[in-house]
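Asks: Need coordinates for the following:
(2 chains)
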Amino acid sequence: MNIPLFEQFHKEGLISASSLQKVKQRANSGIFSVHWELKTILYLGILLLTGGLGILIYKNIDSIGHQIILTAIGMLCAVCFFYCERKKLPFATTKVPAPNSFFDYILLLGCLTLITFITYLQVQYTTFGNAYGLATFIPMVILFFCAYYFDHLGVLSMAIVNLAAWMGIAITPLNILKANNFADAEIIFSGLLLGMALNAIAWVSKNRNIKAHFCFTYTNFGMNILFIACLAGLFYFEHHYLLWLVPLACIVYLFYKKSLATASFYFMLMLTLYGYVGISYVIVRLTMDTSLNMGAVYFVIMYFILSAVGMIAFLSRMNKKLKQHDSI
Amino acid sequence: MIAYNHQSLDHLLFKKEAKFALHHKLISKEEADAIEKAYPDNFYMPNLFIRVGLFLLTAVIILMCFGLLCLITMTGSDKNLGILAFIFTMFIYGALEYLIYEKQHYASGIDDALLWLCLGFAVATANLLFSFIPLLGQSLLIFILAFYFLLRFGNVIMGALAYVSFLAIVFYGWIALGDMAITTMPFLLMAISIAVYWYMSKYRNHNRLRHYKSCCTFIEILALVTLYAAGNYFVVREVSNSMFHLNLKEGGSFPGGWFFWITTVLIPAVYLFKGIQKKDVILLRTGLVLVAGIVYTIRYYYHVAPLEITFTISGIIMILIAYIITKYLTPVKYGYTHAEPNDPESAGLLQLESLVVAQTFHQTPANEPEKRFDFGGGSGGGAGATDNF
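Replies: The predicted structure is shown next:
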């Protein structure tokens, strides 16, 4: 803190004497927080431990030693969940703060060891049968449950990634049965479905006020998956790619509205970039299909220069608009 | 010296201090508003996300314009292309100065893009016009440009580039002196790093350098890292082996290798100790990161334990360290606390953290026939969405 500066503020009558006193006190207190350092060490520790344990089981899967490791993992998992269950604040549909700064990480360790445990059981004893997807489905359900029960954004993100993997996996094995090209289309459509589902969940979370603070996480994943699926559709379908402009335009429009409503610069940037990539792809492709040779190249370059200028103007205007919105 | 409007820069600093004080409830909202009003700035400073977008689009425009000009003039030879690149450098620099002077752009994304492209085109010009420039010349060129841009625009990246290219000048200049140079190189680089660190930490908070504060901080961190790199056994051994053709055998040491083992372990320890003693965030955090350097270096040459055992044990140790320190600091001790600092960015950090968690801990089995499960952490995959945050 720059004390002479605050003294100057005080002299100019901008801040009161008591405020100046507080500033001076704070500057001289010299309290030093190592919060983020400790959190990072803890986080890396969990990353290394769970990664190490995973490989350890994998390598010792046929030896006697793995049962000891498995017991250790099971106990570690039980201890973590026991701790979380005892320490956690009562469940509510609104945001529940963590009881202390290490609670989140212990829960994370618990969830990760639990997944390792389940995966092991599945691989070794096929506990959950051979139905594909079930081995991903169960961790997903557990993760979603933990995310809501203990109110944890990180676990929620893991659960969403698992959900995507589950949807992808439940479809990918069909790859073997069908022609390759067609199977890729399935992934694109399931991506669209997943994106819509996530956005629907986000909408419900917000409107019914069920863990409304999860809304951004759902929307963020949902938006990216939707846009990527749309762009993949554009790139992939040889003959009907123009049709994909329709869903792309719809999604851009919906997120444009959402971005204005929530004054979100992030959504505005993403929709601009994704939309720009989509439109540019179509224009370049249409130009290349014409019989102009060098003319097409000139046209494409001119298009990029002019459209980028236009986009800059658009983003600048949106910046102004969102800022005004921000202050209302 | 600096291109941006001095008064606006100063006012920006004032407002930043006021915002900090407001956030820590040292001053009231009315007082903060009064300060905001008393010290206006007329910079064009869009939101961070918009800045990213403007940066990308500006780069597209400039590169496409260059492509268009290349096509129109249809020049195949390097000389002509070089002249074109030179004209472009001048044009970009002019546009940059104009935007800053007339349109008051400051960290708008457009000025960042122009600055980087200007440097890129200037270096390209030199390389196209002169067919062969030795590495020493390249470093000298980059240093001069980056140093000028640093002084003129107070840009952090340019500061880092200036420092690194300066070290490169020393490196390539000193090599030319022969055998004696090879042995003394690490010591010379260490001495320079120490000097730069000392200088930066001394003048970082100097009022005359107030607009370069973040540049100084960044160079300070870099100096600490280069000091370690110059004294690290792995770096010294492998660099001298590949550059000076020592033909070291696997596991063979080089003359004086023991000295570098000492510095490899000692330097991070000294950083940590000094950081704790002086409550210096930069020393403390750099020291913590460099501990990984010690572990990596030792593991590279001595096979202590298999990877997974190392992972598991170091994971347990790290969790224990974090736990013990937290317990130890539970009543605030020696002015240290483990409580969360009241940071304005913490809400955004939490979202970011959740994405990092999802990215690094994606552990679910990827059910493919030949690779049925994958316990290991660290592998991302999943919905590629997380990369786009």
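Asks: who's in contact with the residue of the stretch 101-250 of chain B found nearest chain A?
Replies: Residue nearest to chain A within the stretch 101-250 of chain B: residue B:110 (7.3 Å; CB to the nearest CB). Backbone N, C-alpha and C define where each C-beta goes, glycine included. Taking CB atoms under 8 Å, 6 or more residues apart in numbering or on different chains, we find residue B:110 in contact with A:312, B:54, B:55, B:58, B:99.
Asks: Report pLDDT for residue 137.
Replies: Assuming you mean chain A. We have a pLDDT of 80 for residue A:137.
Asks: Correction: the question concerned chain B.
Replies: So, for residue B:137, pLDDT stands at 89.
Asks: Equivalent analysis for residue B:382, please.
Replies: pLDDT, residue B:382: 32.
Asks: Can you name every helix or strand that the helix or strand where residue A:118 lies contacts?
Replies: Following DSSP states H and E, one finds residue A:118 within helix A:103-125. In terms of contacts (3 or more CB pairs under 8 Å, 6 or more residues apart in numbering or on different chains; DSSP states H and E), helix A:103-125 is packed against helix A:35-59, helix A:65-87, helix A:134-150, helix A:153-171.
Asks: so which of the contacts of residue B:110 comes closest to residue A:134?
Replies: Closest to residue A:134 out of the contacts of residue B:110 is residue B:55 (45.6 Å), distances taken as CB to CB.
Asks: hmm, back to that, from the contacts of residue B:110, which is closest to residue A:186?
Replies: residue B:55 (36.6 Å).
Asks: How about the contacts made by that closest one?
Replies: Applying CB under 8 Å, 6+ apart, the residues near residue B:55 are B:109, B:110, B:112, B:113.
Asks: do the same with residue B:12
Replies: Taking CB under 8 Å, 6+ apart as the test, what residue B:12 contacts is B:41, B:43, B:106.
Asks: Kindly report the same for residue A:113.
Replies: A:50, A:53, A:73, A:74, A:76, A:77, A:80 are the contacts of residue A:113 under CB under 8 Å, 6+ apart.
Asks: Find the nearest non-adjacent residue to it, please.
Replies: Spatial nearest neighbour of residue A:113, chain neighbours left out: residue A:77 (3.9 Å); criterion: CB to CB, 6 or more residues apart in numbering or on different chains.
Asks: same deal with residue B:214?
Replies: residue B:156 is the one closest to residue B:214 (CB to CB, 6+ apart), at 5.3 Å.
Asks: try residue A:205
Replies: Of all residues not flanking residue A:205 in the chain, residue A:215 sits nearest, at 4.8 Å (CB to CB, 6+ apart).
Asks: Please report how far that neighbour lies from residue B:118.
Replies: 42 Å (CB to CB, to the nearest Å).
Asks: Same check on residue B:295?
Replies: Following CB to CB, the distance that separates residue B:295 from residue B:118 is 41 Å.
Asks: more neighbours, those two?
Replies: residue B:118 (23 against 13; other CB atoms under 10 Å in any protein chain shown).
Asks: Just the element for that one, please.
Replies: Secondary structure (DSSP H and E) places residue B:118 in helix B:110-129.
Asks: C-alpha coordinates for the next helix-or-strand element following that helix, CSV please?
Replies: Downstream of helix B:110-129, the next assigned helix or strand under DSSP H and E is helix B:135-153. Extracted in CSV, the C-alpha atoms of helix B:135-153 (Å, rounded to 0.1, in the frame of the first residue of the first chain):
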residue,chain,number,x,y,z
LEU,B,135,23.0,-16.0,-33.4
LEU,B,136,24.8,-13.2,-31.6
GLY,B,137,23.5,-10.7,-34.1
GLN,B,138,20.0,-12.1,-33.8
SER,B,139,20.1,-11.7,-30.0
LEU,B,140,21.5,-8.3,-30.3
LEU,B,141,18.7,-7.2,-32.7
ILE,B,142,16.0,-8.7,-30.5
PHE,B,143,17.5,-7.1,-27.5
ILE,B,144,17.7,-3.6,-29.0
LEU,B,145,14.1,-3.8,-30.3
ALA,B,146,12.6,-5.4,-27.1
PHE,B,147,14.5,-2.9,-24.9
TYR,B,148,13.2,0.0,-26.8
PHE,B,149,9.6,-1.3,-26.8
LEU,B,150,10.0,-2.0,-23.1
LEU,B,151,11.0,1.6,-22.4
ARG,B,152,8.4,3.0,-24.8
PHE,B,153,5.4,0.9,-23.9
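Asks: Run the angle between helix B:135-153 and helix B:110-129 for me.
Replies: Per axes from the mean of the first three to the mean of the last three CA atoms, to 10 degrees, the angle that helix B:135-153 makes with helix B:110-129 is 150 degrees.
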